[in-house]
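Novice: sequence? don't have it. structure:
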C-alpha cells in the first residue's frame, strides 16, 4: 500500500518544475488525519516587481535540474532529521515567470510550531546557498540581466 | 608513417546561466585523452573560452558533485562536467 506518510524525502516527486506551482495542492498534501503534526508552515516565494537591476516585469529561472533535485532531496533529508518533520514538500519552478508567479514553495509539518518555522528558514537558506538555480531579471526598460549570485557553498 | 591512435574518452561539458552567453553554447561533448585530469580540462576550457576567466567564483561539478578545479583526479568516459557560476535561486 502506498503511504503518504513521510518517512523520508519522497524520491519520486519533482522538486524542479516548468509548470505553475499549485499552492492549494501543496497545502492539501500536508493534511495529516493521524494527527502526528500539530503545525504546518508554508513559505511561498514569488516574482517581485523590483530587483537588483531596477524595475522588473518578469523573471527567467534556469537550473541544473538533476543536481538541483539531488541537492533539494539532501536538504530535505537533513531538515527532517534535525527538526522532526513529518511531511515535507519543496518545489522550485524554472522557465519564464510573470510578476506574482510563485517561484518556490516550501511546506512542512512538525509536531510543534517552533520547529516548523525554524525548519522552513533552514531549508530556504540552504536552497539559496547550495542548489544550482540561476535567475535573470527581465527589466521593464527592455533588457535582461542575470542576478549576481552567491558562490555555491561546499561543505 | 603510421600514427598510433591515441585512446580517447568523451565527456559532456555543461555551461550554465551567464557562462553560456560567453561560450555561445549550453553544452558540448569533448574528446580528451584518457589521462586528462579535472585540472587539465579546466585549462582546456579556459583556453577555448578565455572570457570565462572574467567570471568569478565558478564551481566545477563532475557527475553532480562539486570538485576542486585544481584536482588531479582523472576523468572517465561519459563523465558529466558542469561549470556553475554563483547561484541565485529562491
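Specialist: All right, it came through fine. The model shown is predicted, which means the values in this text are computed figures rather than measured ones.
Novice: leaving out sequence neighbours, find the closest residue to the residue in chain A that chain B sits nearest to.
Specialist: Closest approach between chain A and chain B, counting by C-beta to the nearest C-beta: residue A:133, at 3.0 Å. Bear in mind the C-beta positions are built from the backbone N, C-alpha and C, glycine included. Spatial nearest neighbour of residue A:133, chain neighbours left out: residue B:89 (3.0 Å); criterion: C-beta to C-beta, 6 or more residues apart in numbering or on different chains.
Novice: what's the local residue count around the one you found?
Specialist: Residues lying near residue B:89 (other C-beta atoms under 10 Å in any protein chain shown) number 28.
Novice: check contacts around the residue of chain A closest to chain B.
Specialist: A:16, A:61-64, A:68, A:92, A:94, A:127, B:87-90 (C-beta atoms under 8 Å, 6 or more residues apart in numbering or on different chains).
Novice: just read off the phi/psi values of it.
Specialist: Here is the backbone geometry of residue A:133 (degrees, to the nearest 10): phi -130, psi 140.
Novice: what does the pLDDT read for it?
Specialist: According to the prediction, residue A:133 has pLDDT 98.
Novice: any chance you could map the strands in chain B?
Specialist: Remark: strands assigned in chain B by DSSP state E are B:8-15, B:27-33, B:59-62, B:65-67, B:80-84.
Novice: ok so, going back, dump the contacts of residue A:133 to a markdown table, plus pLDDT.
Specialist: As requested, the contacts of residue A:133 are exported to a markdown table (pLDDT from 0 to 100):
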| residue | pLDDT |
| --- | --- |
| A:16 | 98 |
| A:61 | 98 |
| A:62 | 98 |
| A:63 | 98 |
| A:64 | 98 |
| A:68 | 98 |
| A:92 | 98 |
| A:94 | 98 |
| A:127 | 98 |
| B:87 | 98 |
| B:88 | 97 |
| B:89 | 94 |
| B:90 | 89 |
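Novice: and of the residues you listed, the nearest to residue A:100?
Specialist: residue A:61 (14.7 Å; C-beta to C-beta).
Novice: ranking the strands of chain B by burial, who's on top?
Specialist: strand B:80-84 (a mean of 21; mean count of other C-beta atoms under 10 Å in any protein chain shown).
Novice: can you work out which other helices and strands pack against the longest helix along chain B?
Specialist: In chain B, with assignment by DSSP state H, the single longest helix is helix B:38-48. Under the contact definition 3 or more C-beta pairs under 8 Å, 6 or more residues apart in numbering or on different chains; DSSP states H and E, helix B:38-48 sits against strand B:8-15, strand B:27-33, strand B:59-62, strand B:80-84.
Novice: residue of chain B closest to chain A, please.
Specialist: residue B:89 (3.0 Å).
Novice: what sits against that residue?
Specialist: A:61, A:63, A:68, A:92, A:104, A:127-128, A:131-135.
Novice: can you give me the separation between it and residue A:75?
Specialist: As judged by C-beta to C-beta, to the nearest Å, residue B:89 and residue A:75 stand 12 Å apart.
Novice: okay, and the common contacts of the two?
Specialist: Joint contacts of residue B:89 and residue A:75 (C-beta under 8 Å, 6+ apart) are A:127, A:131.
Novice: residue B:23 and residue B:16 touch, don't they?
Specialist: No. Using C-beta atoms under 8 Å, residue B:23 is not in contact with residue B:16; the gap is 10.2 Å.
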